[in-house]
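Participant: Sequence unavailable; structure follows:
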């Protein structure tokens, strides 16, 4: 039968040797990366537009200043020597400097304007020119008088314009970064909300067990996820049908074999009485029939247990001292015959579970321990209570099982090689299934005095 515990543990592993990746992280990285890139591009476009608009405004200021200065200079006498006007110390000139030029000679200029003309050899009536004064770039507007007797040149260092852009960038940096962070948070929340149906579907699938292969139900699944859910439900339906068929076959076959095996044993006993001279051979034949009967009984028990569901399991408070004492009395004769000391260490009063199944599990464990331990060994049944729950254990100081093979002890039909005892290899499988129905954990460790084998059943607190 399919090992569903291994199948469920394998869910979520990426196929092949590649390392699994997170779809959420890839979506976040893609969206945040694209948003940051577009943010930078838009910021560059905004800076370019702001630079063009700033230049246009300042160019208009240069042109307006030139017209005003030309109108004011039209009635002024031309000085014999250059005149430098006082510096406008209140800063309201916004970095504008003028020159009144006649015959390539500066007649008037702002106090800090260059003594030489900004532009020489200008052949137009008016216009803009960008020039270098030393190493500093200037933007200059040239305007001639109507009679071409002089020209006005108004210049401005481009640094004055970049300072405004830098100030604007400083004022906008933190708001822009805040908006980018807000966009990242919105993307994070949106991706989490969009991925939630996938997580809900994965959780619903993880809850499935061999007893619950009903269709996976997800509220309002997205269109992209609906085909996957429909395919999974189809697989679950086929698997449930196959399991039901297997269980029915096992149960029917085991049930049908019980009657002929019982009849066979009766006939063997009759032959033993009729032919005492063949008693040894007939006894071996009877033992083989008994083993077949035990195998059929175990198969039938497993078929019944596989069909049970943990949520439908009948439970009741089970008095552990009474149960363990009953088992001790039941196996006292067998233990005495094999010269094995059977001990009980009960430190728990009650366990909430199915009494009959608990009895079956402990009987299987005791039967294995008494069968495989040599004479003069010890077998102890333990029951302990703690804050985590109740622990039942059967320990012995017999030959034990190699640690490398302990993980396979609960596999069906697995038997440790090298023993001279007969068995079906289903006893521990039945114990494992009973533990699963109770929500308990089955594990194996060393037995008494670090020898032999200890089989532990940890039941959770209810």
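Facilitator: All right, it came through fine. What you are looking at is a predicted structure, and each value in this text was computed from that prediction instead of being measured. Numbers count the residues shown, from 1 in each chain.
Participant: In stretch 278-287, which residues are buried?
Facilitator: Neighbour-count burial for stretch 278-287, counted by 16 or more other CB atoms under 10 Å, picks out 282, 285-286. Yep, even glycine has a C-beta here, placed from its N, CA and C like the rest.
Participant: Could you save these as a markdown table and add columns showing pLDDT?
Facilitator: Converted to a markdown table, the buried residues of stretch 278-287 look like this (pLDDT from 0 to 100):
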| residue | pLDDT |
| --- | --- |
| 282 | 77 |
| 285 | 80 |
| 286 | 75 |
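Participant: Could you point out the helix or strand that follows the helix or strand containing residue 106?
Facilitator: Per DSSP states H and E, residue 106 falls inside strand 105-109. Proceeding N to C from strand 105-109, the next assigned helix or strand is strand 126-133, under DSSP H and E.
Participant: Who is residue 382 paired with across the strands?
Facilitator: Following DSSP bridges, residue 382 is listed with bridge partners residue 345, residue 393.
Participant: Now do the same contact list for it.
Facilitator: 345-347, 391-395 (CB atoms under 8 Å, 6 or more residues apart in numbering).
Participant: Buried subset of those as a PyMOL selection?
Facilitator: Selection of buried members from these for PyMOL, criterion 16+ other CB under 10 Å:
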select buried, resi 346+391+392+393+394+395
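Participant: export the contacts of residue 382 to a markdown table and tack on pLDDT?
Facilitator: Listed next are these as a markdown table, based on pLDDT from 0 to 100:
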| residue | pLDDT |
| --- | --- |
| 345 | 90 |
| 346 | 91 |
| 347 | 90 |
| 391 | 91 |
| 392 | 92 |
| 393 | 92 |
| 394 | 92 |
| 395 | 92 |
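Participant: Show me which of the contacts of residue 382 is closest to residue 150.
Facilitator: residue 391 (109.7 Å; CB to CB).
Participant: so what's the closest residue to the closest one other than its chain neighbours up against?
Facilitator: Distances taken as CB to CB, 6 or more residues apart in numbering put residue 384 closest to residue 391, at 4.7 Å, once the chain neighbours are dropped. Counting by CB under 8 Å, 6+ apart, residue 384 touches 347-348, 390-391, 393.
Participant: Select from those every entry located in strands.
Facilitator: In strands, judged by DSSP state E, the following of the contacts of residue 384 are found: 347, 390-391, 393.
Participant: Just send the residues you listed back as TSV, with distance to residue 176 too.
Facilitator: Rendered in TSV, the data for the ones in strands among the contacts of residue 384 read as follows (distance: CB to CB, whole Å):
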residue	distance to residue 176
347	69
390	63
391	62
393	67
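Participant: Please name every helix or strand in contact with the helix with the most length in the chain.
Facilitator: When the chain is scanned for its longest helix (criterion: DSSP state H), the result is helix 23-73. For helix 23-73, the elements it packs on are strand 97-102, strand 126-133, strand 136-144, strand 151-157, helix 158-206, judged by 3 or more CB pairs under 8 Å, 6 or more residues apart in numbering; DSSP states H and E.
Participant: That helix versus helix 158-206: what angle between them?
Facilitator: Relative orientation of helix 23-73 versus helix 158-206 (axes from the mean of the first three to the mean of the last three CA atoms, to 10 degrees): 160 degrees.
Participant: what distance separates helix 23-73 from the centre of its chain?
Facilitator: With CA atoms, centre = their mean, to the nearest Å as the basis, helix 23-73 stands 43 Å off its chain's centre.
Participant: now do stretch 261-279
Facilitator: Distance of stretch 261-279 from its chain centroid, counting by CA atoms, centre = their mean, is 64 Å.
Participant: Could you give the average pLDDT over it?
Facilitator: Mean per-residue pLDDT for stretch 261-279: 79.
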